[in-house]
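>>> Could you work out the structure for the sequence below:
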Amino acid sequence: MRRICAVNRIVRPVSGILLRRLALASIIANVGIVVTGGAVRLTASGLGCPTWPRCTDDSYVTTPEMGVYGVIEFGNRMLTFAVALIALATLLAVLAHRPRRPGLLALAVGVFLGIPAQAVLGGITVLTNLNPWVVGLHFLASMAVIAAAYALWRRIGDPDGPTVAVVPAPLRALARVTTGVTVAVLIVGTWVTGSGPHAGDHGAARNGLDPETISQVHADGVFLLIGLSVALIFAFRAVGAQRATRAAIVLVAVELGQGLIGFVQYFTHVPAILVGAHMLGSCLVLLAALSVQWSTRERRPVTPAADVAATHAEESVPVTA
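Prediction:
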């Protein structure tokens with residue numbers, strides 16, 4: 001009996017507060033590695049380690065002969081392990097949480113497995129000499145992992161009851177369209193990057209698209225996205241959906257900030273520091289769009305079976321004078 005008590009004191013269920021903090025840390029870590037990955041490219045350190053999974057043909061770590069470029073690239077590779085450890089801690093916390101909650105395990109596993117998948121894509125970018133299309137796919141895969149981490153964080157904060165819409169169906173459809181346009185803008189943004197000057201290495205190829213033309217296409221998508229987001233503000237306000245209205249206002253604010261950075265970097269010949277800020281802004285736009293999507297519905301707490309039975313019993317009792 002004493003041994004059982006000792007084990008129970010050592011192995012305790014993880015609290016919901018700790019679980020949500022770990023999920024938030026996972027979001028921050030995945031956004032952070034996008035920014036540091038951008039720093040690798042913007043400092044022309046993309047081939048600082050010229051091969052993968054080794055840093056050189058003979059070493060898994062950088063060597064003095066590779067200079068600062070090797071240090072930057074190898075450092076970013078090491079950050080992948082830190083992000084993976086946070087994802088693993090979140091997964092283990094989900095497994096230790098009691099009572100077990102539906103949906104959390106699948107999301108936690110998805111985030112955790114997304115990290116090594118990202119590492120493999122990163123390796124392919126090196127092995128293909130920073131092919132711009134592969135680099136773009138690497139960035140979009142990061143966005144997918146961030147989206148999964150955000151879904152996990154929000155799901156932890158929700159109760160386990162049924163999902164109920166808080167806005168009419170047409171507005172939910174408009175929110176989905178806005179999210180879709182957000183994804184499209186991110187995709188076209190990778191094409192703009194692939195046509196620009198920051199290849200990640202002086203010898204890396206570009207995608208061959210005309211920078212001015214594809215930048216205009218990207219700008220048109222941004223204008224459409226802002227228009228849809230402003231429409232969401234007025235539509236949500238008209239139906240009295242306050243939480244959704246606030247989420248849409250935040251989305252528009254983030255989009256305007258991101259758009260401003262984009263225009264300034266275009267007319268100042270794409271300075272590296274603004275490109276890095278733009279990459280961070282892309283992550284924030286995605287998170288804000290997901291917040292709007294999440295605000296169109298809510299989960300209700302689970303009604304205990306005993307309460308439901310009692311309610312039905314009261315409703316079945318005839319009222320007498």
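>>> All the strands of this protein, in order from the start?
163-165, 297-299 (DSSP state E).
>>> tell me the mean pLDDT over the last one?
If I follow you right, that is strand 297-299. Averaging pLDDT along strand 297-299 gives 87.
>>> go on, stretch 83-95?
95.
>>> which residues are in contact with it?
Stretch 83-95 has contacts (Cβ atoms under 8 Å, 6 or more residues apart in numbering) with 14, 18-19, 22-23, 25-26, 29-30, 32-33, 104-105, 108-109, 111-112, 114-116, 149, 152. To be clear about C-beta, it is placed using only N, CA and C from the backbone, and glycine gets the same treatment.
>>> Tell me how far it lies from the chain's centre.
Offset of stretch 83-95 from its chain centre (Cα atoms, centre = their mean, to the nearest Å): 16 Å.
>>> same thing with stretch 21-41?
Worked out by Cα atoms, centre = their mean, stretch 21-41 lies 9 Å from the chain centre.
>>> Likewise for stretch 137-149?
6 Å.
>>> now stretch 75-91
With Cα atoms, centre = their mean, you get 15 Å for stretch 75-91.
>>> Just the buried positions in it, please.
Going by neighbour count (16 or more other Cβ atoms under 10 Å), the buried part of stretch 75-91 is Asn76, Arg77, Thr80, Val83, Ala84, Ile86, Ala87, Ala89, Thr90, Leu91.
>>> what does stretch 38-57 give?
For stretch 38-57, burial by neighbour count (16+ other Cβ under 10 Å) applies to 38-50, 55.
>>> Kindly report the same for stretch 146-159.
Buried-residue list, stretch 146-159, by 16+ other Cβ under 10 Å: Ile146, Ala147, Ala148, Ala149, Tyr150, Ala151, Leu152, Trp153, Arg154, Arg155, Ile156, Asp158.
>>> Same check on stretch 123-134?
Gly123, Thr125, Val126, Asn129, Leu130, Asn131, Pro132, Val134.
>>> how about those residues, which pair is most distant?
The most widely separated members of the buried residues of stretch 123-134, counting by Cβ to Cβ, are Gly123 and Pro132 (16.4 Å).
>>> which residues in the stretch 51-200 of the chain form helices?
Under the criterion DSSP state H, counting those that start in this stretch, helices of the stretch 51-200 of the chain are mapped to 67-96, 104-127, 132-157, 169-195.
>>> Quick one: distance of the last one to the chain centre.
With Cα atoms, centre = their mean as the basis, the distance from the averaged C-alpha position of helix 169-195 to the chain average is 14 Å.
>>> helices or strands next to that helix in the packing?
helix 132-157, helix 211-238, helix 242-267, helix 272-295 (3 or more Cβ pairs under 8 Å, 6 or more residues apart in numbering; DSSP states H and E).
>>> re earlier: include distance to Gly203 when you put the helices of the stretch 51-200 of the chain into a markdown table, please.
What follows is these, written out as a markdown table (distance: least, Cβ to Cβ, whole Å):
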| stretch | distance to Gly203 |
| --- | --- |
| helix 67-96 | 12 |
| helix 104-127 | 13 |
| helix 132-157 | 13 |
| helix 169-195 | 15 |
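>>> Give the closest residue to the residue nearest the centre of the chain in space, chain neighbours not counted.
Centroid-nearest residue in the chain, with Cα atoms, centre = their mean: Ile146, separated by 1.9 Å. Once flanking residues are discounted, Ile146 sits nearest to Asn30: 4.9 Å by Cβ to Cβ, 6 or more residues apart in numbering.
>>> and if you look at Leu121?
His138 (4.6 Å).
>>> Likewise for Phe263?
Counting by Cβ to Cβ, 6+ apart, the residue nearest Phe263 is Ala219, at 7.9 Å.
>>> can you count the residues close to the one you found?
Counted by other Cβ atoms under 10 Å, the residues lying close to Ala219 total 17.
>>> What separation is there between it and Trp191?
Distance, Ala219 to Trp191, by Cβ to Cβ, to the nearest Å: 13 Å.
>>> and what of Gly203?
Gly203 is 21 Å from Trp191, by Cβ to Cβ.
>>> Looking at these two, which one has more neighbours?
Set Gly203 next to Trp191 and count neighbours by other Cβ under 10 Å: Trp191 wins out with 19 against 11.
>>> I figured the more buried one hits Gly136, correct?
Yes. The pair Trp191 / Gly136 is scored as a contact, 6.9 Å apart, by Cβ atoms under 8 Å.
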